[in-house]
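Asks: Pasting the sequence and the predicted model now:
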Amino acid sequence: MIERAVSEPVFVVGMNGSGTSMMLDSLGRHPDLFAVPHETLMMPYIIAQADRFGDLNIDKNFRAYWRFAIDQMPVLRRIYAGKKPELPEDWRAQPRSVAGVFEGILGFLAAAQNKKRWCEKTPDHVQHIDMLSRIFPGARFIHMIRDGREVACSITRRQKRRPELIIYRWKKLVEMGQTAGSKLGDRYMELKYEELTRDPQARMAEVCEFLRLEFSEQVLQSRMPQNPDRKRLAAGELGAIRRNTLKWPEYFDVGTVLRLESIGGRMLSQLGYRIESTVGDCEPSGFQKQLWRAVDFIRYHTELKKTSQKYDSWLKILGKMLFSFKEYRSKRF
């Protein structure tokens with residue numbers, strides 16, 4: 001029988017494009033940490049539905065909720081080569097709680113690789129630190145933060161999203177993460193992407209200390225999203241974490257930078273980033289934000305159909321859109 005991982009999970013959170021993937025990849029190389037290889041995405045939704053199943057001390061209810069959690073996490077099908085995992089033989093030994101279900105699923109994967117704890121990265125979970133910290137009282141949270149203009153540049157280049165909406169969302173998620181994290185004391189850590197890549201040895205040593213892990217040189221390695229050779233990256237080749245050059249000053253024109261800083265300038269300044277034009281904190285109108293979201297949503301899924309063999313029909317695109325809508329219900333921004 002596989003001995004389960006202890007209930008001290010690690011959550012890596014933050015705005016998309018802030019280095020969360022690199023952090024998870026590096027942490028997963030630690031001898032004691034299992035990195036869930038894909039975002040779980042639906043964890044807040046699954047937690048919110050727990051009351052539907054009644055008293056989890058009743059075997060039938062606990063088993064039904066466990067199967068529901070499996071059904072709602074596509075990550076598991078990817079891990080298990082397209083199949084849904086079965087309940088392990090010792091499922092009755094798990095604590096009869098929401099956390100017990102996730103520990104049974106993810107803790108089993110960790111223990112199968114002889115890892116003591118599991119580490120999960122879904123950037124949007126920065127919106128749910130309060131909930132996750134209650135469900136997992138032993139959990140620790142690493143909040144990755146990066147210059148919002150660089151985040152906007154990265155996502156705009158890759159996904160053709162509206163940069164003003166990106167930096168607005170960046171500002172709100174940073175605020176939410178900091179507010180929730182301030183209540184957690186030593187269970188919460190903020191780490192700037194720029195500081196990590198400038199001095200990875202020192203910063204990753206601090207991360208290991210925060211997680212109460214012995215430092216391992218292996219965490220200084222990553223498949224590095226900033227690796228310029230994409231073929232080597234796709235092949236899983238490792239490299240040392242290294243400093244990345246700023247791209248937003250060349251990518252955005254003066255007018256776009258002004259608009260970005262009029263929305264996120266104050267937060268950029270508070271975080272210590274250099275401002276080019278204005279320390280602004282304006283709030284786009286509700287109509288403007290909805291319009292930006294609608295246009296981005298349509299553009300993203302249209303491009304998905306053009307470029308992805310997996311989503312080669314509008315029926316498959318519709319299925320992904322419905323999944324995205326369900327996931328979106330658990331988000332504020």
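Replies: The structure has been received and is ready for your questions. Numbering: from 1, shown residues only.

Asks: Just the helices from the stretch 51-200 of the chain, written as ranges.
Replies: 59-71, 74-79, 98-102, 108-112, 129-135, 148-159, 163-181, 193-198, 200-210 (DSSP state H, counting those that start in this stretch).

Asks: Now the fourth one: buried residues?
Replies: What that stands for is helix 108-112. F108, L109, A110, A111 (16 or more other CB atoms under 10 Å). Every C-beta, even on glycine, is put in place using the N, C-alpha and C of the backbone.

Asks: Name the nearest of the residues you listed relative to P9.
Replies: Relative to P9, the closest of the buried residues of helix 108-112 is A110; by CB to CB it sits at 9.1 Å.

Asks: so where is the stretch 1-150 of the chain shaky, pLDDT-wise?
Replies: 1-6 (pLDDT under 70).

Asks: and with 80 instead?
Replies: Applying pLDDT under 80 to the stretch 1-150 of the chain flags residues 1-7.

Asks: okay, and for the stretch 201-333 of the chain, where does confidence drop off?
Replies: For the stretch 201-333 of the chain, applying pLDDT under 80 flags the ranges 223-240, 242-243, 297-333.

Asks: ok, now with 50
Replies: For the stretch 201-333 of the chain, residues meeting the criterion pLDDT under 50 lie at 230, 327.

Asks: all strands for it, in order.
Replies: 221-222, 239-240 (DSSP state E, counting those that start in this stretch).

Asks: what about those, which gets the closest to R52?
Replies: For R52, the closest of the strands of the stretch 201-333 of the chain is strand 221-222, at 39.6 Å, according to CB to CB.

Asks: what packs against that closest one?
Replies: Judged by 3 or more CB pairs under 8 Å, 6 or more residues apart in numbering; DSSP states H and E, strand 221-222 is in contact with helix 20-27, strand 239-240.

Asks: and those, which is most packed in?
Replies: helix 20-27 (a mean of 25; mean count of other CB atoms under 10 Å).

Asks: Can you give me the distance of F102 to E190?
Replies: 25 Å (CB to CB, to the nearest Å).

Asks: So for those two, which residue has more residues nearby?
Replies: F102 (25 against 16; other CB atoms under 10 Å).

Asks: hang on, isn't the more buried one packed against M43?
Replies: Yes. Between F102 and M43 there is a contact under CB atoms under 8 Å: 7.3 Å.

Asks: list residues touching both of the two?
Replies: Residues touching both F102 and M43 (CB atoms under 8 Å, 6 or more residues apart in numbering): there are none.

Asks: Tell me, how many residues neighbour the closest residue to V10 other than its chain neighbours?
Replies: Of all residues not flanking V10 in the chain, C119 sits nearest, at 4.0 Å (CB to CB, 6 or more residues apart in numbering). Counted with other CB under 10 Å, the neighbours of C119 add up to 24.

Asks: Double-check C119 against G28; I have them as touching.
Replies: Yes. With contact defined as CB under 8 Å, C119 reaches G28; the gap is 6.4 Å.

Asks: Just grab the bridge partners of M144 for me.
Replies: Taking DSSP bridges as the rule, M144 bridges to L191.

Asks: Hmm, it is touching G19, no?
Replies: Yes. Between M144 and G19 there is a contact under CB under 8 Å: 4.8 Å.

Asks: can you list residues touching both of these two?
Replies: Overlap of the contact sets of M144 and G19 (by CB under 8 Å, 6+ apart) consists of Y193.

Asks: Next one: P123 from R243, what distance?
Replies: Taken as CB to CB, the span from P123 to R243 is 22 Å.

Asks: Between those two, which is the more surrounded one?
Replies: Applying other CB under 10 Å to P123 and R243 shows that P123 carries more neighbours, namely 19 against 11.

Asks: and the end-to-end length of stretch 87-100?
Replies: 13 Å (CA to CA, to the nearest Å).

Asks: So for it, what gets flagged as buried?
Replies: Result for stretch 87-100 [16+ other CB under 10 Å]: buried residues L87, P88, W91, Q94, S97, V98, A99, G100.

Asks: Which of those sits closest to L56?
Replies: S97 (6.3 Å).

Asks: and that closest one, what does it touch?
Replies: So S97 contacts L56, I135 (CB under 8 Å, 6+ apart).

Asks: any idea how far G255 is from it?
Replies: 52 Å.

Asks: before we move on, what about T122?
Replies: Going from T122 to G255 by CB to CB gives 34 Å.

Asks: again, but for L291
Replies: L291 is 19 Å from G255, by CB to CB.

Asks: Those two - which one has more neighbours?
Replies: Using other CB under 10 Å, the more surrounded residue of L291 and G255 is L291, with 14 against 9.

Asks: That one and H125, how far apart?
Replies: On the measure of CB to CB, L291 and H125 end up 27 Å apart.

Asks: between the helices of the stretch 51-200 of the chain, which gets nearest to G239?
Replies: For those, distance to G239 was read as CB to CB. The smallest value, 11.2 Å, belongs to helix 200-210.

Asks: State whether P284 and I167 are indeed in contact, as I suppose.
Replies: No. Checked against CB under 8 Å, the pair P284 and I167 is beyond contact range at 10.3 Å.

Asks: ok so, going back, which residues sit in contact with the residue nearest to V10?
Replies: P9, V10, F11, V12, L24, L27, G28, L33, F34, A35, V36.

Asks: Please consider this matter closed, and thank you.
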